[in-house]
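>>> let me see the structure of the following:
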Amino acid sequence: MNVELKVLGYAALLQVVQFIIMAVPVNLQLGVAYTGGNRDEQKQAHGMPGRLKRALDNHFEGLILFTIAVVVVTLGEAGSPLTAGCAWVYLWARILYVPAYASGVFLVRSLIWGVGFLATVIMLIAALV
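From the prediction side, this is the model:
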C-alpha cells in the first residue's frame, strides 16, 4: 500500500475519532431525546460542542478533495516523496485543526486549515505534472 493511501486510511480513522469526541458533548447539550429523535425541530449545538460539530463537518468537506488527490496519485502511479510528504502534512493539519477549532482561538484554525488545503493542492499538482 502506498503512503498516500495509508494516510487516507488514517484520515478516515481521525474522522471516526472526531465523531466520537463531538457526539458526547453534543448529546449532553442537546439531550438524547432530541438527538435520538426525529429532529423535526432544528437545534444547533453552541460553544465547544458546536465547534466540535463544525470541525467534523469541515473534515468531511476537506476529506473529499484529499481523497481525490490520493486517488489521482495512486491510480496515476504518481507517488513521490513530495506527494507522501503532502499527505502527512494534510493529516497532521487535520489533527491539529480539531483542538484549534474547539478552543476557539482567533485565526489559528484558519491557518492550520490553509496548511492542509495547500498540501492537498500541491499533491494534486505534483501528480498531474
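
>>> hmm, who's touching the helix or strand bottoming out on mean pLDDT in the chain?
Least confident helix or strand, the chain: helix 32-35 with a mean of 82, by mean pLDDT, DSSP states H and E. The contact list for helix 32-35 (CB atoms under 8 Å, 6 or more residues apart in numbering) reads 26-27, 41, 43. For glycine as for every other residue, the C-beta is placed from the backbone atoms N, C-alpha and C.

>>> contact partners for Phe60?
Per CB under 8 Å, 6+ apart, neighbours of Phe60: Gln15.

>>> which element, helix or strand, includes it?
helix 47-75 (DSSP states H and E).

>>> just to revisit the earlier point, from the contacts of helix 32-35, pick the one nearest Phe106.
Val26 (23.2 Å; CB to CB).

>>> picking up where we left off before, chain center to the helix or strand that the helix holding Phe60 is followed by, what's the gap?
Next in sequence after helix 47-75, counting helices and strands by DSSP H and E, comes helix 81-103. The chain centre lies 8 Å from the centre of helix 81-103; the measure is CA atoms, centre = their mean, to the nearest Å.

>>> could I get the average pLDDT for helix 81-103?
Summarised as a single mean, pLDDT over helix 81-103 is 97.

>>> thanks again, I'm all set now.
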